[in-house]
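1. Fold the following, please.
(one chain, ligands or ions: 1)
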Amino acid sequence: MGCGNSKVLPEASKKGYVSVVQSLVVFSKRHEGDEPKKHKEKRRGPWFSNSDDGPRPTSSGRQQFTQRRERDKAASYKDTFEPRVTARYDIKALIGRGSFSRVVRAEHRATRQPFAIKMMEVAAPRGREVCASELAVLQRVNHANVIQLIEVFQFPRRVYAVLELATGGELLDRVVSRGHFTERDATRALQMVLAGVGHLHNLGVTHRDLKPENLLYYHPGADSRLLVTDFGSATFGGTLAGSEVSKTGEQPGEDRSWSLRTTCGTPEYMAPEVLLRKPYTCAVDMWALGVIAYIVLSGSMPFEDDNRTRLYKTIVRGKYSFHGNPWPSVSNLAKDFIARLLVSDPAARLTADQAIRHPWVVTMAAGASMRNLHRSISQNLRQRASRGSSRCPSSGDAKEKKPTAAAVKQSSWNESDALKPEGIRSISN
Ligand SMILES: Nc1ncnc2c1ncn2[C@@H]1O[C@H](COP(=O)(O)OP(=O)(O)OP(=O)(O)O)[C@@H](O)[C@H]1O
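-> Numbers count the residues shown, from 1 in each chain. Sure thing, here's the model as predicted:
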């Protein structure tokens, strides 16, 4: 993930390893209207060409080379897949790698439907914990804006999760590639994310690693759903009073503690209470959504510093500004929306249900197209990308990953970088 590969992992499910579905789960037909069908697989080009006119054209020679390389890689990965998996799915190409996973594009042999298969290494305890968190959540969720789990194959050293295949690219890729981006476009994207996150929170799930690269479009079409993905840090717990889970009257159990403590996530998106090592709730996701809204509207980060200690201090102080382009062109309502999410006091932060009803989201999504913010957003992202590339040499893994996330892709929390809890506390005093 970006520059750093190590992260503090969230706690494993106290129930131990989740029971996984080993037989085919009937694929829900709920989104028949927007199946990807013949949408082409997203080309993994860089965000920026030399001009502002969009991605650089790719020569057919280079395309052939890339396709050949993809095929070769797929062939080598295919060999490592369990025969029971390859008997049902034809492995087509490697999509990317995570800390404990490989994601491939695959085709169901009988139906020819495309899927993503996430192969998770579970031999080591850390990988097992991440896999358990991810599956525990994915087995519960069912929402148009959350990636859907289709089926799971479990083996002693590896678990294969068959997922909906998202071919539309990451949120920011689309912002950049459109050539035109308005507040209306931003609210449409945020509405979908808020709907997905609201569903998670109502189920008692806190995602804990919301960031633009974990928001994927289902297909490249303009009408695509946006999906919340990557549940490796997610957990049950942190539910706010009034959510469906708390309304059921269930008592907080071992697995469903009402406040969370583990420090995990990606530094630039971490809420102050996480950095302060206070017990926290799903409001941390709403802070992250405030950061995401800021980025989507400006191409810059509200909290940013090469020095992590200074970064954490800035976050804990809740210090950010709406200075520089394109902020003078952005509506006050949009700024109000962000300001109500980037609130240091988690209890005063908007919930997902409140945020989706914020006047900016409601009126702008229904309104006419507004000013084009695209040029400033692209410029800011490009500046970040060039700064980032000089301070974050790519790791071996990064080569396999989409280069598209370069500008805002952030390294995950690294314990060795962490402020001592007392250090952070002294900031707030
Ligand atoms: N269902 C999916 N459809 C399409 N692409 C996917 C899907 N799930 C994951 N990916 C892509 O596969 C790559 C690897 O994802 P994965 O979740 O394994 O790791 P990660 O989240 O990037 O890293 P980490 O495990 O360190 O958090 C990412 O680029 C991600 O966008």
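
2. three-state assignment of Ile377?
-> Of the three states, Ile377 takes helix under DSSP: H, G, I helix; E, B strand; the rest coil.

3. what residues are up against the residue nearest to it when sequence neighbours are not counted?
-> Among residues not flanking Ile377 along the chain, Gly299 sits closest, at 3.6 Å (C-beta to C-beta, 6 or more residues apart in numbering). Backbone N, C-alpha and C define where each C-beta goes, glycine included. Taking C-beta atoms under 8 Å, 6 or more residues apart in numbering, we find Gly299 in contact with Val175, Ser376, Ile377, Ser378, Gln379, Asn380, Leu381, Arg384, Ala407.

4. What confidence value was assigned to the closest residue to the fifth one other than its chain neighbours?
-> Counting by C-beta to C-beta, 6+ apart, the nearest residue to Gln379 once its immediate chain neighbours are dropped is Gly299, at 6.9 Å. Predicted confidence (pLDDT) for Gly299: 95.

5. do Met1 as well
-> We have a pLDDT of 33 for Met1.

6. circling back to that earlier point, can you give me the distance of the residue nearest to Ile377 to the ligand?
-> Separation of Gly299 from the ligand (C-beta to the nearest ligand atom, to the nearest Å): 20 Å.

7. mind giving me the domain split of the chain?
-> Taking automatic domain parsing as the criterion, the chain consists of the domains 61-165, 171-417.

8. what about the first one, average pLDDT?
-> This points to domain 61-165. Mean pLDDT, computed over domain 61-165, is 91.

9. re earlier: ok, the contacts of Gly299 vs Lys313, which is closest?
-> Arg384 (20.5 Å; C-beta to C-beta).

10. In this structure the closest one contacts Asp306, no?
-> No: with contacts counted by C-beta atoms under 8 Å, Arg384 stays clear of Asp306, the gap being 11.7 Å.

11. so how far is Val162 from the closest residue to the ligand within the stretch 51-200 of the chain?
-> The stretch 51-200 of the chain approaches the ligand most closely through Gly98 (2.2 Å), counting by C-beta to the nearest ligand atom. Distance, Gly98 to Val162, by C-beta to C-beta, to the nearest Å: 16 Å.

12. what's the answer for Arg68, then?
-> Here Arg68 is placed at a distance of 26 Å from Val162 (C-beta to C-beta).

13. Equivalent analysis for Thr314, please.
-> On the measure of C-beta to C-beta, Thr314 and Val162 end up 41 Å apart.

14. and what of Ala385?
-> Counting by C-beta to C-beta - Ala385 and Val162 are separated by 33 Å.

15. Tell me where the stretch 151-300 of the chain has strands.
-> With DSSP state E, counting those that start in this stretch as the criterion, the stretch 151-300 of the chain has strands at 158-163, 205-206, 215-217, 226-228, 235-236.

16. Contacts for the second one, please.
-> Residues outside strand 205-206 that contact it (C-beta under 8 Å, 6+ apart) are 137, 140-141, 200, 234-239, 260, 281-282, 284-285.

17. what lines up beside that strand in the sheet?
-> Strand 205-206 sits in its sheet next to strand 235-236 (antiparallel), going by DSSP bridges.

18. cool, and the longest one?
-> Using DSSP bridges, the strands paired with strand 158-163 are strand 114-121 (antiparallel), strand 149-154 (antiparallel).

19. So that strand, near the ligand or not?
-> Yes: for strand 158-163, a contact with the ligand is found by C-beta under 6 Å from any ligand atom, at Leu163.

20. Export that strand to CSV, keeping only CA atoms.
-> Extracted in CSV, the C-alpha atoms of strand 158-163 (Å, rounded to 0.1, in the frame of the first residue of the first chain):
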residue,chain,number,x,y,z
ARG,A,158,-4.7,-20.0,1.7
VAL,A,159,-8.2,-18.7,1.5
TYR,A,160,-9.7,-17.6,-1.8
ALA,A,161,-12.5,-15.1,-1.7
VAL,A,162,-14.5,-14.7,-4.9
LEU,A,163,-15.7,-11.1,-5.2
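
21. Enumerate the residues of the stretch 201-350 of the chain near the ligand.
-> For the stretch 201-350 of the chain, the contact set with the ligand under C-beta under 6 Å from any ligand atom comprises Leu216, Thr229, Asp230, Gly232.

22. Check those residues and tell me the two furthest apart.
-> Leu216 and Gly232 (14.6 Å).

23. The two - which one has more neighbours?
-> Gly232 (29 against 26; other C-beta atoms under 10 Å).

24. Count the residues that sit near the spatially closest residue to the more buried one that is not a sequence neighbour.
-> Closest residue in space to Gly232, ignoring its immediate chain neighbours: Val130 at 4.3 Å, by C-beta to C-beta, 6+ apart. Look at Val130: counted by other C-beta under 10 Å, it has 26 neighbours.

25. how about whatever helix or strand Val130 lives in as CSV, C-alpha atoms only?
-> In the assignment (DSSP states H and E), Val130 maps to helix 125-138. Provided in CSV are the C-alpha atoms of helix 125-138 (Å, rounded to 0.1, in the frame of the first residue of the first chain):
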residue,chain,number,x,y,z
PRO,A,125,-1.1,-15.2,12.2
ARG,A,126,-1.2,-11.7,10.8
GLY,A,127,-2.5,-12.8,7.4
ARG,A,128,-5.1,-15.0,9.2
GLU,A,129,-6.3,-12.1,11.3
VAL,A,130,-6.7,-9.8,8.3
CYS,A,131,-8.5,-12.6,6.4
ALA,A,132,-10.8,-13.3,9.3
SER,A,133,-11.7,-9.6,9.7
GLU,A,134,-12.4,-9.3,6.0
LEU,A,135,-14.5,-12.4,5.7
ALA,A,136,-16.4,-11.8,8.9
VAL,A,137,-17.6,-8.5,7.5
LEU,A,138,-18.1,-9.5,3.9
